[in-house]
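In: turn this into a structure:
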Amino acid sequence: MRNYSRLQGRMRRRTLALASAAHELKTPLSILSGYLEILLNGKLGTLTERQSQVLKAMHGSSLRLQQFIQDFLTYTALETTTPAVQWELGDLRACLRELYEIWLPRFQDKGIAFYFMAQEQTVPAFPFDYHKIQRVVSHLLENAYTCVPSRGTVWLSLEPYLWDRRVHQHGRFIGERRQVLVAAPNAARINVCDTGPGIAPEFHQEIFEDFVSLRHHPDAQGGGLGLAIARRLMQAQQGKIWVESQVDRGAKFSVLLPLNPAESGQTRDERGENERNGSGSG
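Out: Residues are numbered from 1 along each chain as shown. Below you'll find the predicted structure:
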């Protein structure tokens, strides 16, 4: 036990040291990206077509590196501290609509059809962390953008959902574990579906682990932290995240949020089980 604690402390110090190094890279990289944007905008003179191509490639690489650094910093923060959740009564449909409008031009530039499907008043206002949910869904959209080829399609949707959540029975009575039957939807389900290459079933849990790249795809980029971050953020909000997919049949990533987190009934044991299993399935 003492050796385990010592090893755990060493890993924590190493993680914090790497986070500090990554943080130091942010400022010079931001300056570099700023200069590249000035050159690309022609503010320092007219560029030839070849110069423009090279600078665009450099700028794209710098943006990817910035995103990786930010993901790593987020990962280390989630690894070493418990994320604070800002519970605020909000409109999840409006939250996703805002995200859709941000991502739409990027999908259009790649030639990917992108749709948002959510009827008015399908999900009532309920408490959730607006920015963390946008962060989670952004990671799912980033994966879809990377893996779906031109002329493909991506759907973002929202629907009410009946989450048949079960809790462990305490005491000596084993019997039925189901709580009170709930007829009305008690959760909101967010889906990101795509027509990409799909994911083999044996990877459905693995892709939510740390530093595991999503899909074996030639265009895959990043350090394999996006879904690991999304999983931790969903656990902090008492939610779930999982994928349904088959090879060559696209993928469907789903997120569940309880409409009443205070009464969600998720026990400590269930949260631990979700963490071990990549947050399970619906």
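In: specify the beta-bridge partners of the closest residue in space to residue 128 that isn't next to it in sequence.
Out: Distances taken as CB to CB, 6 or more residues apart in numbering place residue 257 nearest to residue 128, at 5.7 Å, with adjacent residues excluded. (C-beta placed from N, C-alpha, C; glycine too.) Beta-bridge pairing of residue 257 under DSSP bridges involves residue 188.
In: show residues contacting stretch 54-63.
Out: Outside stretch 54-63, the residues that touch it by CB atoms under 8 Å, 6 or more residues apart in numbering are 29, 32-33, 36-37, 39-40, 47.
In: do that again at 6 Å, thanks
Out: 32-33, 36, 39-40 (CB atoms under 6 Å, 6 or more residues apart in numbering).
In: what sits against the residue nearest to residue 128?
Out: 128, 188, 239.
In: which among these gets closest to residue 212?
Out: Ranked by distance to residue 212 (CB to CB), the contacts of residue 257 are led by residue 239 at 20.5 Å.
In: what's near enough to touch that closest one?
Out: 256-257 are the contacts of residue 239 under CB under 6 Å, 6+ apart.
In: for stretch 52-70, buried residues please.
Out: Neighbour counts over stretch 52-70 (16 or more other CB atoms under 10 Å) mark 55, 59, 62, 66-69 as buried.
In: re earlier: and the residue nearest to residue 128, how far from residue 112?
Out: 26 Å (CB to CB, to the nearest Å).
In: low-confidence ranges in the stretch 51-200 of the chain?
Out: Within the stretch 51-200 of the chain, the segments meeting pLDDT under 70 span 67, 71, 73-75, 77-80, 165-183.
In: can you map out the helices along the stretch 151-282 of the chain?
Out: Here the stretch 151-282 of the chain has its helices, by DSSP state H, counting those that start in this stretch, at 226-236, 268-276.
In: other SSEs contacting the longest one?
Out: Contacts of helix 226-236 with other secondary structure elements, assessed using 3 or more CB pairs under 6 Å, 6 or more residues apart in numbering; DSSP states H and E, are made with helix 49-80, helix 130-147, strand 240-245.
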